[in-house]
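In: Starting from these lines, generate the structure:
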Amino acid sequence: MTRRRKNAKGSTILEFSLVGIPLIFVLISTFEIGRGMWIYHTVSYAVKEGTRFAIVHGSSCSVAPNACAVTLGNVATRIRQSAGGLDPARMSLTFTAANGATTTCMLNVCLNSATRWPPAGANSPGVDDVQIAATYPFQSVMAMVWPGAGKVEVMGRYDMPASSRERIQF
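Out: Okay, the predicted model is just below:
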């Protein structure tokens, strides 16, 4: 029995090297996939909520006695509230009205915009559509440990896209 233990001294290190290290990469990869899915879902949900907010603020909102016309800043605020945990300086938004007019800005810049949206002439209930699209960059931490990845800034970045189009309701 003693002779057997002497021969098996290095087997624990070898077994860990062959099984443990790849298992750690699988575990980290699982968390990264989950984080990517969370970012994608959050961006999609935020854009959908912003579009829902915009479609109930069409031309009927500016007709007396209503006073519910909104700005890009109001819609961006709704998107920001729905995108908890995401950096507003990294989310790019594109607002497209029914007449084809587009406005593109980063979310943190859109928050301060006083431009009325949906714009007059492209905000008729039941006729005009509005679309909001967003992209948010996802950079995996796996790029830092991947062999031969090169610069970390370049590898592992993917822009998570989301868009929502709805017909103006009110």
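
In: For this structure, give me the ranges with low pLDDT.
Out: For the chain, the stretches with pLDDT under 70 are 1-9, 143-156.

In: Kindly list the longest helix within it.
Out: Longest helix in the chain by number of residues (criterion: DSSP state H): helix 21-55.

In: tell me the contacts of the residue nearest in space to the middle of the chain?
Out: In the chain, the residue lying closest to the centroid (CA atoms, centre = their mean) is residue 43, at 3.1 Å. Residue 43 makes contact with 83, 86, 91, 134, 135, 136, 160, 161, 162 under the criterion CB atoms under 8 Å, 6 or more residues apart in numbering. Using the backbone N, CA and C atoms, a C-beta is placed for each residue, glycine as well.

In: ok, for the fifth one, nearest residue in space, not its chain neighbours?
Out: Yep, that's residue 135 we're talking about. Using CB to CB, 6 or more residues apart in numbering and skipping residues adjacent in sequence, the residue nearest residue 135 is residue 159, 4.5 Å away.

In: what number of residues lie near that neighbour?
Out: Here the number of neighbours of residue 159 (other CB atoms under 10 Å) works out to 12.

In: doesn't residue 136 make contact with it?
Out: Yes: counting by CB atoms under 8 Å, residue 159 touches residue 136, with 7.0 Å between them.
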